[in-house]
Structures are given as structure tokens and as C-alpha cells.
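Asks: 3D, please:
(one chain, ligands or ions: 1)
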Amino acid sequence: MPEKDVLALFKLDGRRALVTGGSKGLGEVIATALAQAGADVALASRNKTEVQAAAARIEQGTGRRALSVAADVTKAAEVERMAEEVERLLGPIDILVNNAGINIRGEVAQLKEEDWDAVLAVNLKAPFLAAKRFAPGMCERGWGRVINLGSILSVIAIPGRAPYASAKAGVLNLTRVMALEWAARGVTANAICPGPFATEMNKPLLNDPEKYKAFVAKIPMGRWGELHEIAGAALFLASEASSYVTGSALFVDGGWTAQ
Ligand SMILES: NC(=O)c1ccc[n+]([C@@H]2O[C@H](COP(=O)([O-])OP(=O)(O)OC[C@H]3O[C@@H](n4cnc5c(N)ncnc54)[C@H](OP(=O)(O)O)[C@@H]3O)[C@@H](O)[C@H]2O)c1
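Replies: Just a heads-up that it's a prediction; the model follows:
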């Protein structure tokens, strides 16, 4: 007989989570899942109205506390301000989900320096800044979860995605370094690597039937992910159920990277 009831290991009662980019898309789904499992949550993104609305939806839908902070997570000073506000209003953060992301598509020859800098800042620098701020407290308390959003583009390449694919490949190795640094302190670091999901980020693909179909053709399951299909992976990695999992990448991609 297992020592512990496995379903109890997925419960997050008494935990506090921060989800960057929690105002919409996968971030809102992840924050909702963590709240459904019992966590109080904080959401951070730049657009104050949107992040407030998402927090209100989560509070209403789950009965847990959900607070919102408007912050640009690419700037250390903003991350510090966000952290102070979240800790003051919610308490110490046990689960950090580095989910904020942007994509600027274009061929290497056409992309501008600012495009590269912007994509690298949100997708790669921001997880570093937030983890740097929150992980020491988790280590001191002896329990923590850092979940970084990678992508199938952490391990495969698609033309026209240089900054994004480079950032997401970096996220994977950043996750592994974090895992090694904190492995003995009760803090895990893992990546979720999604395939295509119909969020705002993918509007250019969703609005182009040819591109949309070309993506579907590459997915063994023959369809895009449905937003709720990210939730189980996030809850697993956020909870005690993943206590012996660190430095790993969980692909939620309909089999794309299995090929
Ligand atoms: N959707 C997919 O198919 C897919 C596939 C693989 C990986 N991913 C990854 O999954 C994560 C979520 O993607 P998504 O598709 O849900 O994206 P989305 O719907 O476009 O949402 C992105 C979120 O990030 C926030 N954000 C962007 N820049 C920010 C900044 N500088 N500071 C704070 N927040 C910022 C946005 O809010 P504001 O604009 O208001 O700041 C928004 O809340 C990303 O890391 C993405 O790369 C997505």
C-alpha cells in the first residue's frame, strides 16, 4: 500500500502561488487550477484592468483569494515591487510560475535588435529575475516549486522563430541549473513545454487557415491543445505529487516532440 493517499498529494491547501502573465491564456488557466486545488494566488501582468479582471474571475470561480499586481516582469525593480506587494498582501510565495511570454516572429535577416531584446527579456530574463527574488525564501522555508514555461521550441526549431526558440531553449537549461542549485533544499524547478494552444499569442496562426492547418499536420493527435489541458501538468509540478521531480521538462504537445 502507498504511504500516502495520492489524491491528497495534489492538494494545495495553505500554499501561495504567483503566476506571471496570469491575466489571460495559459497563465489564467494555470492560476485557476492552482486555486481550485486550494492555493491562494497572485497574478501579475502589465495591463492592470485585465489582470484585475482575471483575479476577480478566479476568486469568484474558486472561492480562494486571488490578487492582482500590474508589473513588467522584465525589470528587476518591478519584480521587487511586485514581490513586496504580493508578500505583504498574501504572504510568502511557495509556488512561482514563470509564465509571462511574448513572441515576435520574422526571419533573422528581417528582425530588429529591439525584437530580439524584447523576446529574450520576457521569456528568459524574467524567469531568472523572479526566481532570483523568490527562490531564496523557498529554500529557507525548505519547500518550493518553480515552474518555467518553455515550449516545444525549447527543443525543436521552426523558421521565423529565432528569438523565441532561443529564449525557450534557454529556459530549459535555466530550469536545469535552478534544479541543481536547489535540489537539496526542498525546492524543485521544472519546465512545462506546451505545443500550440489557441491563445492571443497565436492569433497570427489562428487567423491564417493555411498556417493553422500546417501546424495541425505536425501534431500526432491531429489537433491543437485545449486550454484546460495545461492545468494537470501545472498542478502536478506545483504539488507534493511531484516531490521527486526536478530539472525535468513536461511536454504538453499532443505528441509533437515524440516524433
Ligand atoms: N499558447 C501557446 O501555444 C504556447 C506554446 C508554447 C509555450 N507557450 C508559453 O506559455 C506562456 C503563456 O502563453 P500564452 O499563449 O498564454 O500567452 P498570452 O495569452 O499571450 O498571455 C501572455 C501573458 O503574459 C503577460 N506578459 C507579457 N509580457 C509581460 C511582461 N513584460 N510583464 C508581465 N507580464 C507580461 C501578458 O499580459 P500583459 O500583456 O498585460 O503584460 C499575458 O498575461 C508563455 O511563456 C508562452 O511562451 C505558449
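Asks: mind checking which helix or strand whichever residue of the stretch 101-250 of the chain sits closest to the ligand is in?
Replies: Closest approach between the stretch 101-250 of the chain and the ligand, counting by Cβ to the nearest ligand atom: Gly101, at 2.4 Å. All C-beta spots, glycine's among them, are computed from the backbone N, C-alpha and C. Using DSSP states H and E, Gly101 is not contained in any helix or strand.
Asks: And for the one 10 residues further on?
Replies: When secondary structure is defined by DSSP H and E, Leu111 falls outside every helix and strand.
Asks: For Val69, see how far away the closest residue to the residue of the stretch 101-250 of the chain closest to the ligand other than its chain neighbours is.
Replies: Leaving aside its sequence neighbours, Gly101 sits nearest to Asn123 (Cβ to Cβ, 6 or more residues apart in numbering; 5.1 Å). The gap separating Asn123 from Val69 is 20 Å, by Cβ to Cβ, to the nearest Å.
Asks: higher neighbour count, the two?
Replies: Neighbour tally, Asn123 and Val69, criterion other Cβ atoms under 10 Å: the higher count belongs to Asn123, 28 against 25.
Asks: rewinding a little: residues contacting the residue nearest to Gly101?
Replies: With contact taken as Cβ atoms under 8 Å, 6 or more residues apart in numbering, Asn123 is in contact with Gly101, Ile102, Tyr164, Ala167, Lys168, Gly170, Val171.
Asks: Pull the most distant pair out of those residues.
Replies: With distances taken as Cβ to Cβ, the most widely separated pair in those is Ile102 and Gly170, at 14.7 Å.
Asks: if you count what's nearby, which of those two comes out ahead?
Replies: The neighbour comparison of Ile102 against Gly170 (other Cβ under 10 Å) goes to Gly170, with 19 against 16.
Asks: pretty sure that one contacts Leu124?
Replies: Yes - counting by Cβ atoms under 8 Å, Leu124 is a contact partner of Gly170 at 4.6 Å.
Asks: Identify the residue spatially nearest to Gly106, adjacent ones excluded.
Replies: Closest residue to Gly106 apart from its sequence neighbours, by Cβ to Cβ, 6+ apart: Gly160 at 6.0 Å.
Asks: Can you pull the phi/psi pair for that neighbour?
Replies: Phi and psi for Gly160, reported as degrees, to the nearest 10, are phi 90, psi 10.
Asks: again with the one 10 residues further on
Replies: Backbone torsions for Gly170, taken as degrees, to the nearest 10, come to phi -60, psi -40.
Asks: Name all residues that make contact with it.
Replies: Counted by Cβ under 8 Å, 6+ apart, Gly170 has contacts Leu120, Asn123, Leu124.
Asks: quick one: it and Leu34, what's the gap?
Replies: Taking Cβ to Cβ, one finds Gly170 at 25 Å from Leu34.
Asks: Show me the residue sitting in the middle of this protein in space.
Replies: When Cα atoms, centre = their mean is applied to the chain, the residue found nearest the centroid is Asn99 (2.8 Å).
Asks: which SS class is Val69?
Replies: Val69 falls in the strand class when you classify it by DSSP: H, G, I helix; E, B strand; the rest coil.
Asks: so how far is Lys218 from Trp182?
Replies: The value you get for Trp182 to Lys218, if Cβ to Cβ is used, is 35 Å.
Asks: go on, Leu180?
Replies: Leu180 sits 33 Å away from Lys218, going by Cβ to Cβ.
Asks: tally of neighbours for the nearest residue to Gln36 once chain neighbours are set aside?
Replies: What sits nearest to Gln36 in space, not counting adjacent residues and going by Cβ to Cβ, 6+ apart, is Thr62, at 5.3 Å. Using other Cβ under 10 Å, Thr62 is surrounded by 20 other residues.
Asks: Which residues are in contact with Thr62?
Replies: Thr62 is in contact with Thr32, Ala35, Gln36, counting by Cβ under 8 Å, 6+ apart.
Asks: Isn't Ala66 up against Ala53?
Replies: No - Ala66 is beyond contact range of Ala53, at 10.9 Å (criterion: Cβ under 8 Å).
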